[in-house]
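# I need the structure of the sequence given here:
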Amino acid sequence: MPRTEFTAQSVSAGTPLAAITMNAADGTNGNQWRYTGRRRLIVRNGAASAVTVTIRSNSRVAGLTVPDRVVSVAASGTAYIPEGPEALQTDGYVYCDWSAAASVTAGLIEETR
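Model (predicted):
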């Protein structure tokens with residue numbers, strides 16, 4: 001099955017986090033979004049235990065593979081994860097996987113100036 005795509009929301013300085021539309025994490029197939037270098041993923045973990053968010057890397061530096069970015073989000077916690085150039089896949093997307101998805105939501109934001 002294909003990954004579920006997140007759509008970026010435009011925000012500006014001072015946008016309250018409560019105004020960001022959150023979507024369910026796809027724990028089966030993972031999620032994806034178009035890479036721009038200016039997007040951030042906001043993750044809310046409503047579960048009783050921590051979850052791990054993995055942003056898949058697709059880069060090499062000096063012949064060495066850049067590892068995936070792995071972020072632990074505490075129970076009832078929120079995380080802010082910026083996309084980096086190492087996450088750009090050959091199809092132009094960023095891939096995101098979840099250790100668990102029950103009670104986990106995410107919103108993709110892009111700052112407007």
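
# Nearest residue to the middle of the chain?
Geometric centre of the chain, nearest residue: residue 41, 4.2 Å, by C-alpha atoms, centre = their mean.

# From what I see, that residue and residue 105 are in contact.
No: if you go by C-beta atoms under 8 Å, residue 41 and residue 105 don't touch, sitting 10.9 Å apart. C-beta here means a position set from N, CA and C on the backbone, and glycine is covered the same way.

# partner residues bridging the residue nearest to the centre of the chain?
Residues in a beta bridge with residue 41, per DSSP bridges, are residue 81, residue 108.

# what residues are up against it?
6, 53, 55, 80-83, 96, 106-109 (C-beta atoms under 8 Å, 6 or more residues apart in numbering).

# which of these count as buried?
Using 16 or more other C-beta atoms under 10 Å as the burial test, the contacts of residue 41 include 6, 53, 55, 81, 83, 96, 106-109 as buried.

# list the buried ones in stretch 12-29?
20, 22, 25-26.

# Just give me the closest of these to residue 72.
Residue 72 lies nearest to residue 25 out of the buried residues of stretch 12-29, by C-beta to C-beta, at 14.4 Å.

# Just the pLDDT for that closest one.
Residue 25 carries a pLDDT score of 97 in this model.
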